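Trainee: got a predicted structure plus its sequence, pasted below:
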Amino acid sequence: MADEMKQIILDQHKQLTRSIEVNKEVKIEGDFDSIVLAGMGGSGHPGDLLNALGVPKLPLFVHRNYDLPIKYLSHMGLSKPLIIISSYSGNTEEALSAYKIAQEHSLPIAISSSGGTLEEWAIRDKAPFSRIDFTGMQPRHTLLAAFTGITVALINSGLADDISEDIKDTAKFVEKITPELEEPAKKLVAKIKDRIPVFNSTDTLGFAAKNFKIQTNENAKYPAFWNTFPELNHNELVGFSKLKEMDNPNKFIAIFINDAEDHPRNKVRMEATTNLYKDWGVEVENINVVGESTMQKVFYTVTLGLWTSYYLALEYGIDPVPVDGVESFKSKLEEAAGSI
């Protein structure tokens, strides 16, 4: 299975170009004042990424729960939301719950999935269907496909800026940098090993920092955390200030994801935080991202995160693909409460 993930990483650029072609005819008809993307785990990430890139022409809310935030939308004066149900498997119970609530309220629905129950319902209800044309994979490993499919559908519907050329350019960029990042990832693993990583960036690359953390959790089965500047200087920073008084002050490594275009004040904050962390016994490692657009910088970091979490898993003799912990939880949930 490890070889399987390595090939997934090397081939991930194909998800961008393939998803443009597969979903080129998908269009959502209607007049909307907002978008709600209901998706859990990796299936919610496309919504976060859309917002991080500033692509949607309407307010986009990512809903990670059962049902839908109908009352919240109403209080916001939003009465015509488009509901995008996002689930790689097509069987995620929270997503199916959101679909049912959307139907109960006669709200327009679009779907992003690779199949499952959601595809059956899309055919039954004639709902627009954005296909993730990469089956047999983990949802977190199809981020580029899911993001591109939803984005193409929104572009076709006049609901997002046309970034098609940026996506194509990014596919070439990702193809180039993916093999180049394998060795830097191995070096980063040597520094992370036996420590708990905390991935930090400014808000611009906050999605990338969060994704790095999630890939570490799910691929390496390893604890990790994330935060953004300047917010972390108002709370999290204090949590590291007394480490030297504890038994193992060197248990954390802070990994700063730096963008040359970060706000000047945040650059100063990152440097000052680095100095304090080192005084407090926290190792700091810097990653300087490259890319000609925010999309490229995000996917540069996502790719480094994939390689790093892959080799961290191998360091501990762990298969990076399955998520047995999640599957065990789902089984216990179904035993306790039945299926939705």
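Mentor: Structure's in. What do you need? Everything quoted here is computed from the prediction, not taken from an experiment.
Trainee: C-alpha only now, for contacts and for neighbours.
Mentor: OK.
Trainee: now the helices for the stretch 1-150 of the chain?
Mentor: Remark: helices assigned in the stretch 1-150 of the chain by DSSP state H, counting those that start in this stretch are 2-11, 13-22, 45-52, 70-75, 93-104, 116-125, 143-156.
Trainee: ok now do the nearest residue to Pro230 once chain neighbours are set aside, which residues does it touch?
Mentor: The spatial neighbour of Pro230 that comes closest, neighbours along the chain excluded (CA to CA, 6 or more residues apart in numbering), is Asn266 at 6.5 Å. By CA atoms under 8 Å, 6 or more residues apart in numbering, Asn266 lies in contact with Thr202, Phe229, Pro230.
Trainee: in strands, which of those residues fall?
Mentor: Among these, DSSP state E puts Thr202, Phe229 in strands.
Trainee: make CSV out of the contacts of Asn266 and add pLDDT.
Mentor: Formatted as CSV, the contacts of Asn266 follow (pLDDT from 0 to 100):
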residue, pLDDT
Thr202, 97
Phe229, 98
Pro230, 98
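Trainee: related to what we said a few turns ago, quick one, which of the helices of the stretch 1-150 of the chain is packed in tightest?
Mentor: Each of the helices of the stretch 1-150 of the chain was scored by mean neighbour count; the highest is helix 143-156, a mean of 26, by mean count of other CA atoms under 10 Å.
Trainee: for the helix or strand following it, enumerate the helices and strands it packs against.
Mentor: As assigned by DSSP states H and E, the chain's next helix or strand after helix 143-156 is helix 164-180. Here helix 164-180 touches helix 2-11, helix 13-22, helix 294-315, going by 3 or more CA pairs under 8 Å, 6 or more residues apart in numbering; DSSP states H and E.
Trainee: mean confidence for the first one?
Mentor: Pointing back at helix 2-11 there. The pLDDT scores in helix 2-11 average 91.
Trainee: oh, and call the first residue 665 from now on, that's how I've got it
Mentor: I'll keep to 665 as the first residue from here, and by that count the last item is helix 666-675.
Trainee: what angle sits between it and helix 958-979?
Mentor: With axes from the mean of the first three to the mean of the last three CA atoms, to 10 degrees as the basis, helix 666-675 and helix 958-979 are set at 170 degrees to each other.
Trainee: need the residues that contact helix 666-675.
Mentor: So helix 666-675 is in contact with His805, Glu839, Thr842, Pro843, Thr967, Leu970, Trp971, Tyr974, Leu978, Asp983, Pro984, Val985, going by CA under 8 Å, 6+ apart.
Trainee: for PyMOL, what selects the buried ones among the residues you listed?
Mentor: For the buried members of the contacts of helix 666-675, the matching PyMOL selection, counting by 16 or more other CA atoms under 10 Å, is:
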select buried, resi 805+839+842+967+970+971+974+983+984+985
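Trainee: just say helix, strand or coil for Ile951.
Mentor: strand (DSSP: H, G, I helix; E, B strand; the rest coil).
Trainee: count residues in the vicinity of the nearest residue to Leu869 once chain neighbours are set aside, would you?
Mentor: Of all residues not flanking Leu869 in the chain, Val962 sits nearest, at 6.4 Å (CA to CA, 6+ apart). Look at Val962: counted by other CA atoms under 10 Å, it has 23 neighbours.
Trainee: give the contact list for Val962.
Mentor: Per CA under 8 Å, 6+ apart, neighbours of Val962: Leu869, Phe871, Ala872.
Trainee: top of those by neighbour count?
Mentor: Ala872 leads the contacts of Val962 on contacts (other CA under 10 Å) with 28 neighbours.
Trainee: and that one, how far is that from Asn864?
Mentor: 9 Å (CA to CA, to the nearest Å).
Trainee: related to what we said a few turns ago, which SSE is the residue nearest to Pro894 in?
Mentor: helix 928-943.
Trainee: avg pLDDT for that helix?
Mentor: So the average pLDDT for helix 928-943 ends up being 97.
Trainee: equivalent analysis for stretch 836-854, please.
Mentor: 98.
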